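Colleague: Sharing a sequence plus its predicted fold:
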Amino acid sequence: MKHYLKLLPFVAIGLVVVAIVVAWTVLAQRGARVDLAGSIGKVRTLALDERSSAAIVDFRVRNPSDYLFVVRQVEVTALDSAGQPLAGMVIAQADAAKLFEYFPRVGQRYNEGLLIRTKVKPGQSMDRMIAARFEVPEKVLQARRNLVIRIEELDGPVAEFSERPAR
């Protein structure tokens, strides 16, 4: 029993050293993967005709990683009031500009659009806008449960963030 008591301080020192190495490794790898965080700020809807509508979404993205995030593709989906997914078709930036021009009730344009090949530098934060067409009447889009933006990076990683549920 005496021999084990003599080893106790060395075992304790070994455990402390291992804990320090593990903590350092975790902290060193913190930004080592491509990632994009985001939040949806404002969603405006617009009736395009009696069977289709548009959602204009203002949002903020932030690159918390140590690597450049290059946008490859953007998708917008909504969940209707029954929980069914509604796929949105992203509207080209030139056509989105015309929405603001032809439909003043949608309000002013606050942010630039998020384009393919947009580069978000490490640590950078930016406000952007995306417009999407949905093949449902505006009242269905207004009654949605949620709206989700999915941004795919050039090399494959995907960032997804959603609107806070209204209810």
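Modeller: Arrived safely. None of the values given here were measured: they were computed from a predicted structure.
Colleague: Kindly export the strand ranked longest in the chain (C-alpha atoms) in PDB.
Modeller: Longest strand in the chain by number of residues (criterion: DSSP state E): strand 37-49. C-alpha atoms of strand 37-49 as PDB (Å, rounded to 0.1, in the frame of the first residue of the first chain):
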ATOM      1  CA  ALA A  37     -23.300  31.100 -39.300                       C
ATOM      2  CA  GLY A  38     -26.300  33.200 -40.000                       C
ATOM      3  CA  SER A  39     -29.600  34.700 -38.900                       C
ATOM      4  CA  ILE A  40     -32.700  35.900 -40.800                       C
ATOM      5  CA  GLY A  41     -33.600  39.400 -40.000                       C
ATOM      6  CA  LYS A  42     -36.600  40.400 -42.100                       C
ATOM      7  CA  VAL A  43     -38.900  38.600 -44.500                       C
ATOM      8  CA  ARG A  44     -41.200  40.500 -46.800                       C
ATOM      9  CA  THR A  45     -43.800  38.800 -49.100                       C
ATOM     10  CA  LEU A  46     -45.200  39.900 -52.300                       C
ATOM     11  CA  ALA A  47     -48.000  38.500 -54.500                       C
ATOM     12  CA  LEU A  48     -46.800  38.100 -58.000                       C
ATOM     13  CA  ASP A  49     -50.100  36.800 -59.300                       C
END
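Colleague: who touches that strand?
Modeller: Identification of contacts with strand 37-49 by C-beta atoms under 8 Å, 6 or more residues apart in numbering yields 53-64, 99, 103, 105-107, 110, 127, 133, 137-138, 141-142, 147, 149, 151, 159, 161-164. Every C-beta, even on glycine, is put in place using the N, C-alpha and C of the backbone.
Colleague: Could you tell me which of those are located in helices?
Modeller: Counting by DSSP state H, the part of these found in helices is Leu99, Glu138, Leu141, Gln142.
Colleague: on that earlier part again, what is the rounded mean pLDDT of the longest strand of the chain?
Modeller: For strand 37-49, mean pLDDT is 93.
Colleague: Give me the sheet partners of it and which way each runs.
Modeller: strand 52-62 (antiparallel) (DSSP bridges).
Colleague: List the buried residues in the partner strand.
Modeller: Taking 16 or more other C-beta atoms under 10 Å as the neighbour-count basis, strand 52-62 is seen to contain the buried residues Ser52, Ser53, Ala54, Ala55, Ile56, Val57, Asp58, Phe59, Val61, Arg62.
Colleague: how about Pro20, secondary structure?
Modeller: Residue 20: Ile, not Pro. helix (DSSP: H, G, I helix; E, B strand; the rest coil).
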